[in-house]
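Peer 1: Coordinates for the following, if possible.
(one chain, ligands or ions: 1)
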Amino acid sequence: MCGIVGYIGNKEAYPILIKGLHRLEYRGYDSAGVALTDKNGKLSIYKAKGRVADLEEFCKDKNISGNIGIAHTRWATHGEPSNQNAHPHYSESESIALIHNGIIENYAVLKEQLIRNGYHFQSSTDTEVMVQLIEYVKTLNKVDLCTAVQLALNEIIGAYAIAVVEKDNPDQIIVARKSSPLVLGIGEDEYFIASDASPIIEYTNRVIYLEDEEIAVVSRHEPPRIITIKNVEKTHEIIQLEMNLSQLEKGGYPHFMLKEIFEQPQTLRDCMRGRIDVSCQHVVLSGIIDHRERFVNARRIIILACGTSWHAGLVGKYLFETFCRIPVDVEYSSEFRYRNPVIYKDDIIIAISQSGETADTLAAVELARQAGAFVYGICNVVGSSIARNTHSGSYTHVGPEIGVASTKAFTAQLVVLSMMSLCIARALKTVDDAHFFRLLQELNRIPDKIEKILKLNDAIKNLSKIFTYAHNFIYLGRGFNYPVALEGALKLKEISYIHAEGYPAAEMKHGPIALIDSEMPVVAIATDNGMYEKVISNIQEIKARNGRVIAVVSENDTVVKSIADYVIEIPATEDCFDPLLTTIPLQLLSYHIAVNKKRDVDMPRNLAKSVTVE
Ligand code: M6R
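Peer 2: The predicted structure follows:
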């Protein structure tokens, strides 16, 4: 969480930094700040509690100028959102300023030592310890800023992406990273620094991704010098980004989330392009083909993920077990990493993460690697930490997902998992040819079917008005649609702040049915697939207790239509691809309820898009 951005060049830094902060605001938005060095070498910090817009308001009457600066948008970990806790932070003498994304685990010990040495703290953040430590080490050892950063980072335990500027050295930004992302943009006599490429792409598509424990010295007139915290010189390949600016704009939609929901037919086509051949006879995933033997001989698959990606993983379990007959465990990364799990060398670990930066998933991947397992990544962000720390993998290729609520990344994760399971099933011969071809053809038709569902947007918007003021919701599904029920509930919770629970429908009678009364909306996924009759019985049980049922049904359904209070009709598909369709109306329902409640849909309270702290 937190977004960091920096600029050094010949242009005015402030507008570039503010624009960059807006692009990174999805990473955190409880306070923001900038530090600039002007041409007289004066280092000034401006910061404000709230959004980037609040910082702009605060700065609007100030005479801010300078060609070098760093800026930060915060998601609070240590210390409440406030002006004092906002970044950048000054060192004791105010000659050094620093921004940070991550968590310093040993900050308390270091802080105590620094206080004993006469340092004073203005904030309750862990970050301030870093800038004070850098100044302390610099003064004590009489070294330059880069060496001081290097020495200080050797004392630090935790995760960091930092950018540091110094009053007496106004032609230099020092950056470093460990377990938090950092990208350098290479322009003509100008350099950019950011947590991801989105603030950079407008100016250059040439970037360098720093590795863990690397420091870069970024100066105006020479290429960045990269060294490790242990003083090893490094060289890095410059990577050409394929992102384009329009992917970072709302393109006429009121919110990124709605844009991303509507992009899904196209993003899923992009995800399948070159992987399913036109005649739908083959699925080609090089990440699997290159390691065919490992997959064929896998004892077990363990899927690691958090949040929405975990829900995708649960669908993955159903897919792999159905088609490949390989047992699958789906684990929350945060639990897996701390519970001494049994990992066999012939296990396949699949880590799913849109951002590729989720701290718990990254740590779980590391644990699995150390245990000797083969790790496959399903990530969206190209070059992200999880993508780089796995043995093999598949990108989802949906372009930047900016709305905090994951939508298009989720459906693309489902498509990748579907293609993976079919690819492995083919190698294992656990699915016969006719069935395999039929499934591939149907997967290929999914984008068209989603286009059809998106035409229901106005009807779902009208439906949402009936439920805007509900205090609770229950989502029910069975089989492949059980994870969709969980995902539907999560979408509603995170953007509308309405309490919602997802359940496997048959579990209701073991407790939750006690919650049902005429005030309780129940969203039931009741498409015409393997569990249809069973779900109908579950809906009857809800109706018998006066629950209000909104059912997602297959076109031409008559039975559920006659029982439910409201229905949303969607095209039929194979059981295994149902989640790709049933999830779409639930995304739209959550979106419209949140808009009706005037919630900040793209930046819901307390959340951040990329959870880089544990
Ligand atoms: O980037 P990741 O897929 O690893 O993120 C995992 C979760 O933080 C994420 O899915 C979160 O639950 C979303 N906000 C849900 O919409």
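Peer 1: Pass me the low-pLDDT residue ranges in the stretch 1-150 of the chain, would you?
Peer 2: Within the stretch 1-150 of the chain, not a single segment meets pLDDT under 70.
Peer 1: where along it do the helices fall?
Peer 2: Secondary structure of the stretch 1-150 of the chain (DSSP state H, counting those that start in this stretch): helices at 13-24, 52-59, 107-116, 127-141, 145-153.
Peer 1: counting contacts, what elements does the first one pack onto?
Peer 2: For helix 13-24, the helices and strands in contact under the criterion 3 or more Cβ pairs under 8 Å, 6 or more residues apart in numbering; DSSP states H and E are strand 3-8, strand 31-37, helix 52-59, strand 68-74, strand 191-194. All C-beta atoms are positioned from the backbone trio N, CA, C, and that covers glycine.
Peer 1: Mind checking what helix or strand follows the shortest one in sequence?
Peer 2: In the C-terminal direction, the helix or strand that comes right after strand 191-194 (DSSP states H and E) is strand 206-209.
Peer 1: Could you list which residues are in contact with the residue in the stretch 301-450 of the chain that the ligand sits nearest to?
Peer 2: Relative to the ligand, the nearest point of the stretch 301-450 of the chain is Gly307 (2.0 Å; Cβ to the nearest ligand atom). Neighbour list for Gly307: Ser406, Leu490, Val611 [criterion: Cβ atoms under 8 Å, 6 or more residues apart in numbering].
Peer 1: got these as a markdown table, with secondary structure, distance to Arg294 and neighbour count columns?
Peer 2: Listed next are these as a markdown table, based on DSSP: H, G, I helix; E, B strand; the rest coil; distance: Cβ to Cβ, whole Å; neighbours: other Cβ atoms under 10 Å:
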| residue | secondary structure | distance to Arg294 | neighbour count |
| --- | --- | --- | --- |
| Ser406 | coil | 29 | 27 |
| Leu490 | helix | 32 | 22 |
| Val611 | coil | 29 | 20 |
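Peer 1: Reformat these as a markdown table; add distance to Asp557 and pLDDT.
Peer 2: Listed next are the contacts of Gly307 as a markdown table, based on distance: Cβ to Cβ, whole Å; pLDDT from 0 to 100:
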| residue | distance to Asp557 | pLDDT |
| --- | --- | --- |
| Ser406 | 29 | 97 |
| Leu490 | 26 | 98 |
| Val611 | 39 | 80 |
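Peer 1: part of a helix, is Leu486?
Peer 2: Yes: with DSSP: H, G, I helix; E, B strand; the rest coil as the criterion, Leu486 is part of a helix.
Peer 1: Okay, it and the ligand: tell me how far apart.
Peer 2: Distance of Leu486 to the ligand, computed by Cβ to the nearest ligand atom, to the nearest Å: 11 Å.
Peer 1: Name the residue most distant from the centre of this structure?
Peer 2: Centroid-distance maximum for the chain: Lys142 at 41.5 Å, with Cα atoms, centre = their mean.
Peer 1: Let me see the confidence value for Glu237.
Peer 2: Note for Glu237: predicted pLDDT of 88.
Peer 1: Apart from its chain neighbours, what residue comes closest to it?
Peer 2: Excluding the flanking residues, the one nearest Glu237 by Cβ to Cβ, 6 or more residues apart in numbering is Ile208, at 7.7 Å.
Peer 1: Where does the record place the domain boundaries for the protein?
Peer 2: 3-246, 251-453, 455-598 (automatic domain parsing).
Peer 1: now those in a markdown table, with distance to Arg605?
Peer 2: Compiled in a markdown table, the domains of the chain are given as follows (distance: least, Cβ to Cβ, whole Å):
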| stretch | distance to Arg605 |
| --- | --- |
| domain 3-246 | 9 |
| domain 251-453 | 10 |
| domain 455-598 | 7 |
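Peer 1: looking at the ones you listed, which is closest to Leu607?
Peer 2: Smallest distance to Leu607 across the domains of the chain (Cβ to Cβ): 5.1 Å, for domain 251-453.
Peer 1: where along the stretch 151-300 of the chain do the helices fall?
Peer 2: Assigned by DSSP H, counting those that start in this stretch, the stretch 151-300 of the chain shows helices spanning 256-262, 264-272, 286-289, 292-296.
Peer 1: Quick check: which of these has the most neighbours on average?
Peer 2: For the helices of the stretch 151-300 of the chain, the largest average neighbour count (mean count of other Cβ atoms under 10 Å) is found in helix 256-262, namely a mean of 24.
Peer 1: so what does it touch, helix or strand wise?
Peer 2: Counting contacts by 3+ Cβ pairs under 8 Å, 6+ apart, helix 256-262 packs against helix 578-596.
Peer 1: quick one: the helix it packs on near the ligand?
Peer 2: No: Helix 578-596 lies out of reach of the ligand by Cβ under 6 Å from any ligand atom, never closer than 9.7 Å.
Peer 1: that older thread, can I get the helices of the stretch 151-300 of the chain in TSV with mean pLDDT?
Peer 2: Output for the helices of the stretch 151-300 of the chain, formatted as TSV (pLDDT from 0 to 100):
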stretch	mean pLDDT
helix 256-262	97
helix 264-272	95
helix 286-289	92
helix 292-296	93
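Peer 1: closest one to the ligand among these?
Peer 2: Nearest to the ligand, of all the helices of the stretch 151-300 of the chain, is helix 256-262, at 9.4 Å by Cβ to the nearest ligand atom.
Peer 1: so where's this protein uncertain?
Peer 2: Scanning the chain for pLDDT under 70 picks out nothing.
Peer 1: Any residues of the protein in contact with the ligand? List them.
Peer 2: Taking Cβ under 6 Å from any ligand atom as the criterion, the chain approaches the ligand at residues 306-309, 353-355, 358, 361, 404-406, 490, 494, 611.
Peer 1: which of those residues lies closest to Arg225?
Peer 2: Taking the residues of the chain next to the ligand together and measuring to Arg225 by Cβ to Cβ, the closest member is Ser355, at 28.5 Å.
Peer 1: who touches the closest one in this structure?
Peer 2: Ser355 neighbours (Cβ under 8 Å, 6+ apart): Cys379, Asn380, Val381, Ser384, Lys609, Ser610, Val611.
Peer 1: so the fourth one sits right up against Glu357, yeah?
Peer 2: Pointing back at Ser384 there. Yes: using Cβ atoms under 8 Å, Ser384 makes contact with Glu357 at a distance of 5.5 Å.
Peer 1: any common contacting residues for these two?
Peer 2: Pro181.
Peer 1: more neighbours, those two?
Peer 2: Under the neighbour definition other Cβ atoms under 10 Å, Ser384 and Glu357 were set side by side, and Glu357 has more, 27 against 23.
Peer 1: how much space is there between the more buried one and Ser179?
Peer 2: Counting by Cβ to Cβ, to the nearest Å, the separation of Glu357 from Ser179 is 9 Å.
Peer 1: Spit out the residues that contact those two alike.
Peer 2: Both Glu357 and Ser179 are in contact with Ser385, Thr612, where contact means Cβ under 8 Å, 6+ apart.
Peer 1: Okay, and the residue most central in space within the chain sits in which element?
Peer 2: Geometric centre of the chain, nearest residue: Ser355, 3.7 Å, by Cα atoms, centre = their mean. Under the criterion DSSP H and E, no helix or strand holds Ser355.
Peer 1: Verify the contact between Val613 and Ile103 for me.
Peer 2: Yes: if you go by Cβ under 8 Å, Val613 and Ile103 touch, sitting 4.9 Å apart.
Peer 1: could I get the helices of the stretch 1-150 of the chain as a markdown table with mean neighbour count and distance to Glu188?
Peer 2: Shown next, in a markdown table, are the helices of the stretch 1-150 of the chain (neighbours: other Cβ atoms under 10 Å; distance: least, Cβ to Cβ, whole Å):
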| stretch | mean neighbour count | distance to Glu188 |
| --- | --- | --- |
| helix 13-24 | 23 | 14 |
| helix 52-59 | 18 | 27 |
| helix 107-116 | 15 | 39 |
| helix 127-141 | 23 | 30 |
| helix 145-153 | 22 | 24 |
